[in-house]
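S.K.: Coordinates for the following, if possible.
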Amino acid sequence: PPPHAPTEACIPLTAQEVSGQVNLVISGTVQNYDVRSHLVSDLGWNQTTPLNVNIIVSSGTIVGSTSTAAYALTIGVGFPAGMEFTLTNHGSIVGHGGDGGGVDGFCYSGGCYRFVGGAAGPGFDGGPALYIGTKTRIENSGIIGGGGGGGSGFWGGGSRTRVYRSGGPGAGYATGNWHGGCNSVGDSSFSNPTLTTGGGCASRGMYGGGLGEKGQGYPDISTPPGFYNSTPGNGGHSIDGLSQIVCGASTGQVFGTIN
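M.R.: Numbers count the residues shown, from 1 in each chain. Alright, predicted model coming up:
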């Protein structure tokens, strides 16, 4: 999808304000990045003097999360009056991908073809990317995206031709996990999720979502008679918190709901 429209008009910084900015540079691959903590540890901030901070996510950098319950990058609350933030993103700020749904019994091997019960498990929601607790200008030429939702599990077949599919994991960093595999008679091919795309079993698999997207599953994907799937996980939010001010060309992409 195209970049989201600004939620307020941008008021550009004056030349004096720009000259007074301090840069907090993020590079490499990091997870659960908390701006306040790094202002203290990286710049020696005393937590009382208001600063004009430019948070720069360098090109090629990935800011991700260790969990679907945690933000990839947090600009928190409780800063002193007069504190100003600009987020200049040239990299990727992405949530954790949701896990794929399993099958009750987690029965995927050849010895399970006589398995007489089963239920397709739902996919899991992807995690959020960015939390803004203090108003922030955003200049985005990279990617901001919630983790992809996991695809649902898939189950069914005849008495000796049972088909058991883990739902595909969602995109993100880290990506979602598999809960089982793609095994059935003569078929075990699959694709793993990536930073931007969900994974899934090649045959009749319910794929995980791309960044900010829900996975595949009921009721969007129908199944043949005798086969069953469940609900997919939802995509994670791209930005939560206060209204942000989008500045500059904003040529990057935002995937997922702004909440």
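S.K.: per-residue confidence for the spatially most central residue of the chain?
M.R.: Relative to the mean C-alpha position of the chain, the nearest C-alpha, by Cα atoms, centre = their mean, is the one of Gly147, at 1.6 Å. On the pLDDT scale, Gly147 is placed at 98.
S.K.: May I ask you to confirm that it belongs to a helix?
M.R.: No: counting by DSSP: H, G, I helix; E, B strand; the rest coil, Gly147 is not found in a helix; it is coil.
S.K.: close enough to count as contact, it and Gly176?
M.R.: Yes: taking contacts as Cβ atoms under 8 Å, Gly147 lies within contact range of Gly176: 7.0 Å. Any C-beta I mention is one placed from the backbone N, CA and C, and that applies to glycine too.
S.K.: Name the residues contacting each of those two.
M.R.: The contact sets of Gly147 and Gly176 overlap at 96-98, 126, 170 (Cβ atoms under 8 Å, 6 or more residues apart in numbering).
S.K.: Distance from the helix or strand containing Gln16 to the middle of the chain?
M.R.: In this assignment (DSSP states H and E), Gln16 forms part of helix 15-19. On the basis of Cα atoms, centre = their mean, to the nearest Å, helix 15-19 sits 34 Å off its chain's mean C-alpha point.
S.K.: So which elements touch the following helix or strand past that helix?
M.R.: Next helix or strand after helix 15-19 toward the C-terminus (DSSP H and E): strand 22-26. Packed against strand 22-26 by the contact rule (3 or more Cβ pairs under 8 Å, 6 or more residues apart in numbering; DSSP states H and E) you find helix 35-43, strand 52-57.
S.K.: closest one to Gly153 among these?
M.R.: Of all those, strand 52-57 sits nearest to Gly153, with 35.6 Å by Cβ to Cβ.
S.K.: Report the contact partners of the closest residue to Cys182 other than its chain neighbours.
M.R.: In this structure, Cys182 finds its nearest non-sequential neighbour in Cys201, 3.5 Å apart by Cβ to Cβ, 6 or more residues apart in numbering. Counting by Cβ under 8 Å, 6+ apart, Cys201 makes contact with 154, 165-166, 168, 181-182, 187, 189-190.
S.K.: got the buried residues for stretch 54-61?
M.R.: Of all the residues in stretch 54-61, those buried under the rule 16 or more other Cβ atoms under 10 Å are 54-57, 61.
S.K.: so how far is that stretch off the chain centroid?
M.R.: Centroid separation for stretch 54-61 versus its chain: 18 Å, with Cα atoms, centre = their mean.
S.K.: and it, how far apart are its ends?
M.R.: Stretch 54-61 has an end-to-end distance of 16 Å (criterion: Cα to Cα, to the nearest Å).
S.K.: next one: stretch 62-75
M.R.: In stretch 62-75, first residue to last residue: 17 Å (Cα to Cα).
S.K.: Near the spatially closest residue to Ser67 that is not a sequence neighbour, how many other residues are there?
M.R.: Closest residue in space to Ser67, ignoring its immediate chain neighbours: His96 at 5.8 Å, by Cβ to Cβ, 6+ apart. His96 has 33 neighbours, counted by other Cβ atoms under 10 Å.
S.K.: Is His96 in a helix, a strand, or coil?
M.R.: Assignment for His96 (three-state DSSP): coil.
S.K.: Can you give me every residue that contacts it?
M.R.: Contacts for His96 (Cβ under 8 Å, 6+ apart) come out as 64-68, 70, 72, 126-127, 147, 172-176, 236.
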